[in-house]
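Peer 1: sequence below, structure please.
(chains A and B)
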Amino acid sequence: MLLALKNFPGKFLIKGFFSTLIGIPTVALGLILYLIFSKGGPLGILNILYTPTAIIIGEAILVTPIVVSFATTAIEAVDRDIMNLAKTLGASEAQASIAVLKEALNGVFLAGIASFNRAIAELGVAILVGGGIVGWTEVLTTGIELETARGNLEVAIALGIILLTLVFGINLAVNLFQRRRK
Amino acid sequence: MSYIAELRNVTKTFDQITALNNVNLKINDGEILALLGPNGSGKSTLLKILAFLEKPSKGEVYFWGKKVTGKNMPEMRMESTMVFQKTILFSTTVYNNVAYGLKIRKMPKIKVNEEISRALRLARLEGFEKRNAKKLSGGEQQRVALARAFALNTKLLLLDEPTANLDPKNVSIIEEVISTANRELKTTIVIATHNMFQAKNLPHRIALINDGKISEVGMPAEIFGRFSKTLASFAALENTFAGNAKIMEDDTTLVDIGNGVHLVTATQSSGQVSVFVSPEDIILSKDLVVSSARNVFKGRIVGVSDFGSIVRLKIDVGKQFVVQITKRSFNEMQLNVGSEVYMAFKASSVHLV
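Peer 2: Down below sits the predicted model:
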C-alpha cells in the first residue's frame, strides 16, 4: 500500500528487487534456506529444519515478491483521484485508503491466487527444508515425488489428481466470485 | 447577505507553478457563482481549496466565518463536496456510488435509501440503482457523480466543468439539475466553466479568472455589459471572439472578428461586441452543401481531442473554432488533422454576449 501510494527515494530499487525475486528458482531458494536452517547455519539454533514451520516460512518467502509486486501494480493502477473523491465525500485519510484498496481488489485477488498456485505446486523449497517426512512434513508435491521414486505410481497419480483438482477448484471459485462482483 | 466561504489573499503554488495568485473571493450563501476562465487559469485549484482538498500556500480560507486550518479540514470537508471535471466513479453499482458519502456519515439505512432515491430522481436516474456505474454512458456517469454529491446535502457544492465534453441533451439535463438544486435545496454552488453561454444563463454572479488571478466579479449583466475591460479575459475562451458589429439591410448583424472572418448573427447590435458560438451548434461537412445556415466557412482541422463518444475538433478558418461532433460522424467522415472541411452554423447560433 505504502509502496504504491507514496513516493520516496529508492522506491524503484525496492520494486525492482521484488519483481526480480518473482522468478527465483524454488530449488535455489530451498537450498539457501536449507543452509540457513541447517545445524551449522546462522539460524540452525532454531532447530526448525525438516519441520512444517520451515515449510511455511519458505513458502511465505517464496510468495512475498508476488504479493508485493502484483498488489503494488494493482493499487498504482487505481485512479489517483479516487483518494480525492473519497475525501470530498467525507472520508478520512484511512477510509480513503480503504476506498483505493477496494478499487484494486481484483489485482489483490490475483496476487493471492498467483501466490497460492505457486506455493501449492512447488517442490524445491518443500523438499529441501521440509524433507518430505511421511506423516510429518509431507506435502502433495513431495508425496508425488516420493511415491514415484518408490514405484508406487498409482498413489502418485492419485495425489497428482488431488493436487490438480485442488488448484483448478480454487481458481474456478475465485473466478466465479470475481465475476459476481462485476 | 452572509458569506458561506471567503478566500483572503490566497496563493497556491505547485513546485514552480503559481496556480492561484493572491485571490480574494467571497461566496454568498445560496448563490450560484460561475468561475469563468480558460483552461489552466486556476479554476480547478480554486475549487479544490474550497473543497478543503488542497491547502493554500499563502493566505487564509474562512468557512462560515471560521478559519480553515489543517486540523479542522476533515471536519469542514463534511460541509463541502466537489464534482470533478473528469468523472470518477467507484467500480460498483450506482446505488453504492451514491451511498458512499451517506454511509461515511453513518446515516441509518432507511434514510440512506430515501436520500438515494431523491438524488437519483433529481439527476433523472430513477431505476438505475442496480446498474454498474462504469458501464453507463458518459452523460449518465456524470449524472451519477452529481447525484452522489447532491445526496450529501452539503452547504456548498463545487462543480468543475460538469458539462464539458457532454452531448447537448445531457448538458441541458445537468444545467436544469443545478438550477433545481440551488432553488429548492438552497445549495450554494460554485461552478467552473469555460462556456460563455453557460456563464451567462446559469449563475447569479460571475468571477472572471485568468492566469490564477480574479480580474472581475459581478452579475452576468454587469460582466457582459462591460466589454472593454474584460475583452482580454474573454478572448482566451473557446469560440468567443471580439469584433466590430454592423447592422445589415436584412436586419441581421455582421460581426467582423478579424482575419477576414465575418459572422452573421440574428441579434441586432453595432460597435464593439463579443460573440460566442456553441461548439455543438456547428455542422461539419466534407463538401460545400447548400443549407439555410448563414455562416459557412472553409477551413482545416488543426487539432483533435477524443472524449469517448464525443470528439472535439479545432478548426482554423482564419480564426480557430472548436467544433463538437459524435465519434461516429468523425469516423464516418474519415477526418483527421489536416483534413479540409466546411463549417456551417445558423445566424441564431451566434450569441452576442
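Peer 1: got the buried residues for stretch B:81-89?
Peer 2: B:81-85, B:87-89 (16 or more other CB atoms under 10 Å in any protein chain shown). Bear in mind the C-beta positions are built from the backbone N, C-alpha and C, glycine included.
Peer 1: interface residues of chain A facing chain B?
Peer 2: A:79, A:81-82, A:84-93, A:95, A:99, A:102-103, A:182 (CB under 8 Å from any CB of the partner chain).
Peer 1: can you do 7 Å?
Peer 2: A:79, A:81-82, A:84-85, A:87-92, A:95, A:99, A:103 (CB under 7 Å from any CB of the partner chain).
Peer 1: between the two ends of stretch B:329-348, how far is it?
Peer 2: 24 Å (CA to CA, to the nearest Å).
Peer 1: got the phi/psi numbers for residue 132?
Peer 2: No chain was given, so I picked chain A. phi 60, psi 40 (degrees, to the nearest 10).
Peer 1: could you do chain B instead?
Peer 2: Taking degrees, to the nearest 10 as the convention, B:Asn132 sits at phi -70, psi 120.
Peer 1: now it. Nearest residue, chain neighbours left out?
Peer 2: With sequence-adjacent residues excluded and distances taken as CB to CB, 6 or more residues apart in numbering or on different chains, B:Asn132 is closest to B:Thr93, at 6.2 Å.
Peer 1: count of neighbours near the one you found?
Peer 2: By other CB atoms under 10 Å in any protein chain shown, the residues close to B:Thr93 number 17.
Peer 1: surely it touches B:Ala133?
Peer 2: Yes. B:Thr93 lies in contact with B:Ala133 (CB atoms under 7 Å); the separation is 6.4 Å.
Peer 1: which residues sit in contact with A:Leu159?
Peer 2: A:140, A:143-144, A:147 (CB atoms under 7 Å, 6 or more residues apart in numbering or on different chains).
Peer 1: contacting residues for the residue of the stretch 51-200 of chain B found nearest chain A?
Peer 2: For the stretch 51-200 of chain B and chain A, the shortest gap (CB to the nearest CB) falls at B:Gly101, measuring 3.6 Å. By CB under 7 Å, 6+ apart, B:Gly101 lies in contact with A:89-90, B:148, B:151-152.
Peer 1: what strand or helix carries it?
Peer 2: Element membership for B:Gly101 (DSSP states H and E) is helix B:94-104.
Peer 1: which parts of chain A are helices?
Peer 2: A:2-5, A:11-21, A:26-37, A:52-77, A:81-88, A:93-103, A:105-121, A:124-125, A:140-150, A:153-181 (DSSP state H).
Peer 1: just checking, what packs against the shortest one?
Peer 2: What that stands for is helix A:124-125. Judged by 3 or more CB pairs under 7 Å, 6 or more residues apart in numbering or on different chains; DSSP states H and E, helix A:124-125 is in contact with helix A:26-37, helix A:52-77.
Peer 1: got the helices of chain A as TSV, with distance to B:Leu120 columns?
Peer 2: Below are the helices of chain A laid out as TSV (distance: least, CB to CB, whole Å):
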stretch	distance to B:Leu120
helix A:2-5	32
helix A:11-21	42
helix A:26-37	53
helix A:52-77	29
helix A:81-88	18
helix A:93-103	21
helix A:105-121	25
helix A:124-125	54
helix A:140-150	52
helix A:153-181	22
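Peer 1: TSV for those helices, including mean pLDDT?
Peer 2: TSV is the format used below for the helices of chain A (pLDDT from 0 to 100):
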stretch	mean pLDDT
helix A:2-5	64
helix A:11-21	81
helix A:26-37	90
helix A:52-77	87
helix A:81-88	92
helix A:93-103	89
helix A:105-121	85
helix A:124-125	84
helix A:140-150	89
helix A:153-181	87
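Peer 1: of these, which approaches B:Gly30 most closely?
Peer 2: helix A:81-88 (20.9 Å; CB to CB).
Peer 1: only the buried residues of the closest one, if you could.
Peer 2: Under 16+ other CB under 10 Å, the buried positions of helix A:81-88 are A:82-88.
Peer 1: greatest separation within those residues: which pair is it?
Peer 2: A:Ile82 and A:Thr88 (10.9 Å).
Peer 1: which elements pack onto the helix or strand containing B:Asn24?
Peer 2: Here B:Asn24, judged by DSSP H and E, is contained in strand B:17-28. Packing partners of strand B:17-28 (3+ CB pairs under 7 Å, 6+ apart): strand B:3-14, helix B:43-50, strand B:213-218.
Peer 1: looking at these, which is closest to chain A?
Peer 2: helix B:43-50 (7.7 Å).
Peer 1: B:His204 contacts B:Ala34, correct?
Peer 2: No. If you go by CB under 7 Å, B:His204 and B:Ala34 don't touch, sitting 8.8 Å apart.
Peer 1: neighbour-wise, which of these two wins?
Peer 2: Using other CB under 10 Å as the criterion, B:His204 and B:Ala34 rank with B:Ala34 on top: 27 against 14.
Peer 1: so when I look at the more buried one, I'm seeing a strand, right?
Peer 2: Yes. B:Ala34 forms part of a strand when assessed by DSSP: H, G, I helix; E, B strand; the rest coil.
Peer 1: got the contact list for it?
Peer 2: B:191, B:193, B:199, B:202-203, B:206.
Peer 1: listing request: residues of the stretch 101-250 of chain B with sub-threshold pLDDT.
Peer 2: B:225-236 (pLDDT under 70).
Peer 1: show me what from it comes close to chain A.
Peer 2: B:101, B:104-105, B:148, B:152.
Peer 1: let me see the domain layout of chain B.
Peer 2: For chain B, automatic domain parsing gives the domain ranges B:3-223, B:279-344.
Peer 1: C-terminal to whichever helix or strand B:Val273 is part of, which secondary structure element comes first?
Peer 2: Per DSSP H and E: B:Val273 is located in strand B:271-277. Later in the chain than strand B:271-277, the nearest helix or strand by DSSP H and E is strand B:283-285.
Peer 1: tell me the buried residues in that following strand?
Peer 2: So strand B:283-285, judged by 16+ other CB under 10 Å, has buried residues B:283-284.
Peer 1: ok, stretch B:149-169 next?
Peer 2: Quick answer for stretch B:149-169 (16+ other CB under 10 Å): B:149-167.
Peer 1: quote the end-to-end distance of that stretch.
Peer 2: 21 Å.
Peer 1: burial of A:Ala74, as a residue count?
Peer 2: A:Ala74: 20 neighbours (other CB under 10 Å).
Peer 1: which residues touch it?
Peer 2: Residues in contact with A:Ala74 (CB under 7 Å, 6+ apart) are A:104, A:107-108.
Peer 1: same question, B:Arg294
Peer 2: Contacts for B:Arg294 (CB under 7 Å, 6+ apart) come out as B:264, B:346-347.
Peer 1: for B:Asn239, same thing?
Peer 2: B:276-277, B:279, B:321-322.
Peer 1: how close does it sit to B:Lys169?
Peer 2: Going from B:Asn239 to B:Lys169 by CB to CB, to the nearest Å gives 20 Å.
Peer 1: over to B:Ala119?
Peer 2: 20 Å.
Peer 1: so the helix or strand where B:Val190 lies versus helix B:43-50, what angle?
Peer 2: Taking DSSP H and E as the criterion, B:Val190 maps to strand B:188-193. If you take axes from the mean of the first three to the mean of the last three CA atoms, to 10 degrees, strand B:188-193 sits at 160 degrees to helix B:43-50.
Peer 1: just the CA atoms of strand B:188-193, as PDB, please.
Peer 2: Coordinates of each C-alpha in strand B:188-193 appear next as PDB, following Å, rounded to 0.1, in the frame of the first residue of the first chain:
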ATOM      1  CA  THR B 188     -24.700  27.300  -2.700                       C
ATOM      2  CA  ILE B 189     -23.000  26.300  -5.900                       C
ATOM      3  CA  VAL B 190     -19.700  27.300  -7.400                       C
ATOM      4  CA  ILE B 191     -19.300  26.100 -11.000                       C
ATOM      5  CA  ALA B 192     -16.200  26.400 -13.100                       C
ATOM      6  CA  THR B 193     -16.800  26.700 -16.800                       C
END
